[in-house]
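K.L.:
Give me a model of this one.
(2 chains)
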Amino acid sequence: DAGVIQSPRHEVTEMGQEVTLRCKPISGHDYLFWYRQTMMRGLELLIYFNNNVPIDDSGMPEDRFSAKMPNASFSTLKIQPSEPRDSAVYFCASSLSLDTQYFGPGTRLTVL
Amino acid sequence: QKEVEQNSGPLSVPEGAIASLNCTYSDRGSQSFFWYRQYSGKSPELIMFIYSNGDKEDGRFTAQLNKASQYVSLLIRDSQPSDSATYLCAVMGYALNFGKGTSLLVTP
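P.N.:
All right, here's what the predicted structure looks like:
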């Protein structure tokens, strides 16, 4: 079975533009997580879903960030408008339960 | 804020030696503990988990848990240059909380 799929793998955009990151979880996994990783802050949980329902979005830094999961096989993380401080690697992970999570390859976002 | 602390390193060990990676956590109620390996430019990869006090062995890797002292460690025996990576400790509380990782360098 394929692992977690993320797209795009790299995104370079200018400040103020809208960015949409995409994730396809492992089939059958009920949980989906969005993380952000930077050198300064490490790996931070932004939001997670259980059965397509957002459970905890307390890690979403501000209203410019939003996430959706319209069905069991697709999720998006949107940043509008983007800022240079949003530059990071964004990971999507999925799991059967809250703990044993499998990560996608990540999207490296650069906001100029 | 539930904290997971790791020494950032780098921890340098010669090939064939034992590498010891340590992690402390603040949430005394935590029940599940994980070690992820992350190669440079890659995503975290789960290598071990441990739920009970004591040791858990898997090949060259041994995870050790001491809930009373609130620490979890990872031992890598017969370290290889291919083990050079950042090792992330993760502790399950309300959600999975990650430490910032320890960079391990195994020198030939």
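K.L.:
List the neighbours of the helix or strand of chain B with the lowest mean pLDDT that are in contact with it.
P.N.:
When the helices and strands of chain B are compared on mean pLDDT, DSSP states H and E, strand B:96-98 comes out lowest with a mean of 89. Applying Cβ atoms under 8 Å, 6 or more residues apart in numbering or on different chains, the contact partners of strand B:96-98 are A:33, A:42-43, A:45, A:98-99, A:101, B:2-4, B:25, B:27, B:34, B:36, B:88-91. For glycine as for every other residue, the C-beta is placed from the backbone atoms N, C-alpha and C.
K.L.:
Whichever of these end up buried, select them in PyMOL.
P.N.:
Buried subset of the contacts of strand B:96-98, written as a PyMOL selection, criterion 16 or more other Cβ atoms under 10 Å in any protein chain shown:
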select buried, (chain A and resi 33+42+43+45+98+99+101) or (chain B and resi 4+25+27+34+36+88+89+90+91)
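K.L.:
Out of the contacts of strand B:96-98, name the ones that lie in strands.
P.N.:
Secondary structure defined by DSSP state E assigns A:F33, A:G42, A:L43, A:L45, B:V4, B:Y25, B:F34, B:Y36, B:L88, B:C89, B:A90, B:V91 of the contacts of strand B:96-98 to strands.
K.L.:
Would you enumerate the residues in contact with the residue nearest in space to the middle of chain A?
P.N.:
Nearest to the geometric centre of chain A sits A:W34, at 3.4 Å (Cα atoms, centre = their mean). Counting by Cβ under 8 Å, 6+ apart, A:W34 makes contact with A:C23, A:L45, A:L46, A:I47, A:Y48, A:A67, A:S75, A:L77, A:Y90, A:F91, A:C92.
K.L.:
Tell me the most packed of these, by neighbour count.
P.N.:
Within those, most neighbours by other Cβ atoms under 10 Å in any protein chain shown means A:C92, with 29 neighbours.
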